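Asker: Prediction below, plus the sequence it came from.
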Amino acid sequence: MSWASPAETLTWTGATVTQAELEMAQSIIELFAGTTELASDAGRISTKNLRLLKKAVAYQAVFMQEHPDLFTSMDMTEMAEGSGSGMQISLTAYGLYLAPLAKMCISQLSWKAVRSIRVRPRDGEARRRIEAQSRDRDDYEGCGNWEAL
């Protein structure tokens, strides 16, 4: 069973797809999203992320209808025609495999977001406590001066 249903796909895209097409689309979305249907069945995916995954599968299924060679195409980033026209095609990463709207949905998944890690103490008291702990430890002997960030 896929995250999206044929009825949801029709609602979101206006296109009719079969359950088999949704299953194929799901396998591709799982590769790019870094999760599986087992994780959603176990309740490990939030409602927002599940909604994005459903839409990604729907968009991918419709994209695949228009690109039937998806499973047999070559991974190319550029195509240039010989002398004369100078035609050139450049695609973004995975442009041959992933529907643009599916890519947008995947990029908004919470585990795909860039996160920052705080490395400095929030206040002066915490900083003094860390510095005091470092002075009390014997294993820093001979290592030079240690200073909190």
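Answerer: The structure has been received and is ready for your questions.

Asker: just the helices in the chain please.
Answerer: Using DSSP state H, the helices found in the chain span residues 6-13, 19-33, 37-41, 47-66, 100-107, 124-136.

Asker: Can you point out the buried residues in the longest one?
Answerer: In terms of neighbour count (16 or more other Cβ atoms under 10 Å), helix 47-66 has its buried residues at 49-50, 52-64. The way it works is simple: take the backbone N, C-alpha and C, and place the C-beta from them, glycine included.

Asker: before we move on, what about the fifth one?
Answerer: Of the residues in helix 100-107, those buried under the neighbour-count criterion (16+ other Cβ under 10 Å) are 101-103, 105-106.

Asker: Just the residues contacting it, thanks.
Answerer: By Cβ atoms under 8 Å, 6 or more residues apart in numbering, the residues outside helix 100-107 that reach it are 29, 32-33, 52-53, 55-57, 59-60, 63, 94, 98, 112.

Asker: Likewise for the third one?
Answerer: Residues from elsewhere that reach helix 37-41 (Cβ under 8 Å, 6+ apart): 1-3, 26, 30, 45, 50, 53.
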